[in-house]
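Q: Sequence first, predicted coordinates after that:
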Amino acid sequence: MTSSFTPADQFTTRPTLRGTFGMTSSTHWLATAAAQAVLERGGNAFDAAAAGGLVLHVVEPHLNGPGGDMTAIVAGSGTTPQVLMGQGPAPAGATIEHYKGEGLDMVPGAGGLAAAVPAAVDAWLLLLVERGSWELADVLAFAIDYARNGAPMVGRVGATIRAVEELFVEHWPTSAQLWLPEGKVPDENELVKNPAYARTLERLIEAGEGKPDRAARIEAARREWGSGFVARAAEEFLKTPHRHSSGTDHAAVITASDFANCSASFEPVTTIDFRGVTVAKTGPWGQGPVLLQTLAILDGFDDAEIDPSTAGGAHNVLEALKLAMADRDAYYGDPDGAADVPLETLLSKEYAETRRSHISSTASHEFRPGKIDGFTPYYPPLLTEKEWKATLNGDAPSGAAGEPTVSKAGETRGDTCHIDVIDRWGNMIAATPSGGWLQSSPAIPELGFCLGTRLQMNWLDESAPSALEPGRRPRTTLTPTMLMVDGEPVTALGSPGGDQQEQWQLMYLLRTIVGRYTPQQAIDAPSMHTTSLAGSFWPRTWEPGGAVVENRLGEDVITELERRGHAITRAGDWALGRLCVAGKNDDGSYYAAANPRGAQGYAAGR
């Protein structure tokens, strides 16, 4: 590590794994085990990631589901990474006029009106067609087994169900039937079954029977998802009005034709160079460039000035994040949906220098997007949590300070899963599946899952770059990362966490690239994030100058941050960040590490 950086704690909660065959890291041990089993049986990283990712639908249903979305970055050995885009667009009927006509001034945080077209499953299937080697039936066998025979319920799934139990019983009876077996919240470690979802996956396999080859069989499954029973069942069920987080009842606008017109795809990555490492992210239809912008701003500081373990470094990091996040809300949107995003300027060294000049020794409590010639920055409505709660008579969740928070109305802040895999041939993938949480909307009984709520990240304001518009992708928070050195992909990483995803990954990158921490040392190190931003999740509140920190950052550091004007929330010792990582060492061997917080994420390999 550099002499000017805080030394890493030599104790780690678990080792950084090393081996020569292949590595997996994910947010749930069963997904890690399934993916690693695929590698052991001759599958490649893409087969393994798909198997593990589909297991995550079953074992972490409060954090992702088949009705949600998935974004990944993939690379073959020595090849340029690509984005696997599994973020579906807004349905054809999702117009601002319709939502306002329903009496809404914001897209709800739960209910069918918040559903983008689900693309996670189609993205996994596209990956298998283009990059995989296994038959679909073999890849899906793990998820089918857990869905049909039961998966042990982790405590947070039960806590989520308990939070929305009243909603399920009174308004979403199909969700109650699925998630309240025998009329009660499942106990921790209780085996919970979902035979309807097992049957859904089996029907996708059956769609390919009689096709001449592996690719044709998987393509048949994609067609069945987009134009067959899945699309029909979703449209038919959700056209019945049901309760939304707004407290009012509405029918969804999604139709079978929306499914048919949605297809996952591969897209170029967006990159920036930082301290000799090329960092690859998604485009501005997601928040991926936030990490790149923040790194560009911080690149102008000396090493010691960007050490997150010191008061001065933590301050500079938080202030840089605020500036990049303000640009996210002012400029980011779907370029394929007519949003004109000045990405080249946003990532330029000249622009980063201008933004860096706005960082002073005190914390900013302002929303400060940059000024770009020819563009008018969008200023979203900024409502504090206190101001929003003053308008309510009912329940409201607290701001996301680590693990997801869920209200009685199903509104959720914080979310998501992650999986990274690298195989013996050097193929690697970083994938972040999310959405379609069990609390998103009523469960579709024929399918065994519900649709997601990603449209809550669109504004009902035509002037916003991320305005709701049919066919436009919402400005998602899903944001995996891949690192390259001299053009060679070397690391796949990511984290759950909604608006915190970029922020927690930033702490990891600063500590490994600049501080030279080992992967597990960097994951274990105390984390933090800013809440001084327009939240991506309904009701989209912000906290001026807000910063959430782990207590292990140290009382001296935290006190100094408060003195500088940061509105500090102490989250506890082990509360922030859920990183996964897998990669390649300089000697050609492999490594992996996983987050210990929550005692759920695990890495495996040999």
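A: Alright, I've got the coordinates.
Q: quick one: which helix or strand includes the nearest residue to Arg131 once chain neighbours are set aside?
A: Excluding the flanking residues, the one nearest Arg131 by C-beta to C-beta, 6 or more residues apart in numbering is Phe46, at 4.1 Å. From N, CA and C alone the C-beta is placed, and that goes for glycine too. Here Phe46 sits within helix 45-59, counting by DSSP states H and E.
Q: Check which element follows that helix along the chain.
A: According to DSSP H and E, the helix or strand after helix 45-59 is strand 69-75.
Q: Report the inter-axis angle for that following strand versus helix 45-59.
A: If you take axes from the mean of the first three to the mean of the last three C-alpha atoms, to 10 degrees, strand 69-75 sits at 160 degrees to helix 45-59.
Q: Can you list the residue ranges for helices in the stretch 51-200 of the chain?
A: Along the stretch 51-200 of the chain, the segments classed as helices by DSSP state H, counting those that start in this stretch run 96-101, 120-131, 136-149, 155-163, 165-170, 173-179, 195-206.
Q: Tell me which of the ones you listed is the most buried.
A: The highest average neighbour count among the helices of the stretch 51-200 of the chain, using mean count of other C-beta atoms under 10 Å, belongs to helix 120-131 at a mean of 25.
Q: Extract the CA atoms of that one and return them as PDB.
A: The C-alpha coordinates for helix 120-131 follow below in PDB (Å, rounded to 0.1, in the frame of the first residue of the first chain):
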ATOM      1  CA  ALA A 120     -33.800 -10.200 -16.600                       C
ATOM      2  CA  VAL A 121     -34.700 -13.700 -17.800                       C
ATOM      3  CA  ASP A 122     -34.400 -12.700 -21.500                       C
ATOM      4  CA  ALA A 123     -30.900 -11.300 -20.700                       C
ATOM      5  CA  TRP A 124     -29.800 -14.500 -19.100                       C
ATOM      6  CA  LEU A 125     -31.100 -16.500 -22.000                       C
ATOM      7  CA  LEU A 126     -29.300 -14.200 -24.500                       C
ATOM      8  CA  LEU A 127     -26.100 -14.700 -22.600                       C
ATOM      9  CA  LEU A 128     -26.500 -18.400 -22.900                       C
ATOM     10  CA  VAL A 129     -27.200 -18.200 -26.600                       C
ATOM     11  CA  GLU A 130     -24.200 -15.900 -27.400                       C
ATOM     12  CA  ARG A 131     -21.600 -16.900 -24.800                       C
END
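Q: got the angle for that helix vs helix 45-59?
A: With the same axes, to 10 degrees as the basis, helix 120-131 and helix 45-59 are set at 160 degrees to each other.
Q: counting contacts, what elements does helix 120-131 pack onto?
A: When contacts are defined as 3 or more C-beta pairs under 8 Å, 6 or more residues apart in numbering; DSSP states H and E, helix 120-131 packs onto helix 45-59, strand 69-75, strand 82-86, helix 136-149, helix 214-227, strand 265-268, strand 428-434.
Q: of all those, which lies closest to Arg570?
A: strand 428-434 (27.1 Å; C-beta to C-beta).
Q: now the helices of the stretch 51-200 of the chain in a markdown table, with distance to Gly67?
A: Formatted as a markdown table, these follow (distance: least, C-beta to C-beta, whole Å):
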| stretch | distance to Gly67 |
| --- | --- |
| helix 96-101 | 20 |
| helix 120-131 | 8 |
| helix 136-149 | 14 |
| helix 155-163 | 16 |
| helix 165-170 | 16 |
| helix 173-179 | 12 |
| helix 195-206 | 10 |
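Q: closest to His315 out of the helices and strands packed on helix 120-131?
A: With C-beta to C-beta as the measure, strand 428-434 is the member of the helices and strands packed on helix 120-131 nearest His315 (28.6 Å).
Q: What angle do helix 120-131 and the closest one make with each other?
A: Using the same axes, to 10 degrees: strand 428-434 against helix 120-131 is 170 degrees.
Q: I'd like the next helix or strand past strand 428-434.
A: Downstream of strand 428-434 (by DSSP H and E), the next one is strand 481-485.
Q: That following strand: partners in the sheet, and parallel or antiparallel?
A: Sheet pairing of strand 481-485 (DSSP bridges) gives strand 277-281 (antiparallel), strand 488-494 (antiparallel).
Q: List the buried residues in the last one.
A: Within strand 488-494, the residues that qualify as buried are 489-494, counting by 16 or more other C-beta atoms under 10 Å.
Q: mind listing what Ser4 touches?
A: By C-beta atoms under 8 Å, 6 or more residues apart in numbering, Ser4 lies in contact with 302-304, 307.
Q: Buried ones only from these, please, as a ChimeraX command.
A: To isolate the buried ones among the contacts of Ser4 in ChimeraX, judged by 16+ other C-beta under 10 Å, type:
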select :303,307
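Q: Among the contacts of Ser4, which one lies nearest to Glu502?
A: Asp307 (18.6 Å).
Q: how far away is the closest one from Ala216?
A: Distance of Asp307 to Ala216, computed by C-beta to C-beta, to the nearest Å: 54 Å.
Q: Out of the helices and strands packed on helix 120-131, which is closest to Val157?
A: helix 45-59 (8.4 Å).
Q: Pull out the CA atoms of that closest one and give them to me as PDB.
A: Output in PDB follows, covering the C-alpha atoms of helix 45-59 (Å, rounded to 0.1, in the frame of the first residue of the first chain):
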ATOM      1  CA  ALA A  45     -18.300 -18.400 -16.600                       C
ATOM      2  CA  PHE A  46     -21.500 -17.500 -18.500                       C
ATOM      3  CA  ASP A  47     -23.200 -20.800 -18.000                       C
ATOM      4  CA  ALA A  48     -22.200 -20.500 -14.300                       C
ATOM      5  CA  ALA A  49     -23.400 -16.900 -13.800                       C
ATOM      6  CA  ALA A  50     -26.800 -17.700 -15.500                       C
ATOM      7  CA  ALA A  51     -27.300 -20.700 -13.200                       C
ATOM      8  CA  GLY A  52     -26.300 -18.700 -10.100                       C
ATOM      9  CA  GLY A  53     -28.300 -15.700 -11.200                       C
ATOM     10  CA  LEU A  54     -31.500 -17.700 -11.700                       C
ATOM     11  CA  VAL A  55     -31.000 -19.300  -8.200                       C
ATOM     12  CA  LEU A  56     -30.900 -15.700  -6.800                       C
ATOM     13  CA  HIS A  57     -34.400 -15.300  -8.100                       C
ATOM     14  CA  VAL A  58     -35.500 -18.100  -5.700                       C
ATOM     15  CA  VAL A  59     -33.300 -17.500  -2.700                       C
END
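Q: can you tell me the average pLDDT over it?
A: Per-region confidence: helix 45-59 scores 98 on mean pLDDT.
Q: in a helix, that's where Gly313 is, yeah?
A: Yes: according to DSSP: H, G, I helix; E, B strand; the rest coil, Gly313 belongs to a helix.
Q: how far is stretch 24-40 from where the chain is centred?
A: With C-alpha atoms, centre = their mean, to the nearest Å as the basis, stretch 24-40 stands 19 Å off its chain's centre.
Q: Any buried residues in it, and which?
A: Under 16+ other C-beta under 10 Å, the buried positions of stretch 24-40 are 24-39.
Q: that older thread, and the angle for the helix holding Phe46 with strand 82-86?
A: Helix 45-59 and strand 82-86 meet at an angle of 30 degrees, taking the same axes, to 10 degrees as the criterion.
Q: Between helix 195-206 and helix 45-59, find me the angle.
A: Counting by the same axes, to 10 degrees, helix 45-59 lies at 150 degrees to helix 195-206.
Q: Next, the distance between the ends of stretch 371-390.
A: End-to-end distance for stretch 371-390: 34 Å, by C-alpha to C-alpha, to the nearest Å.
Q: State the mean pLDDT of that stretch.
A: For stretch 371-390, mean pLDDT is 90.
Q: gap between it and the chain center?
A: Distance of stretch 371-390 from its chain centroid, counting by C-alpha atoms, centre = their mean, is 23 Å.
Q: So what touches it?
A: With C-beta under 8 Å, 6+ apart as the criterion, stretch 371-390 contacts 327, 329-331, 340, 342, 345-346, 351, 367, 369-370, 396, 398-399, 459, 463-465, 534, 539-544.
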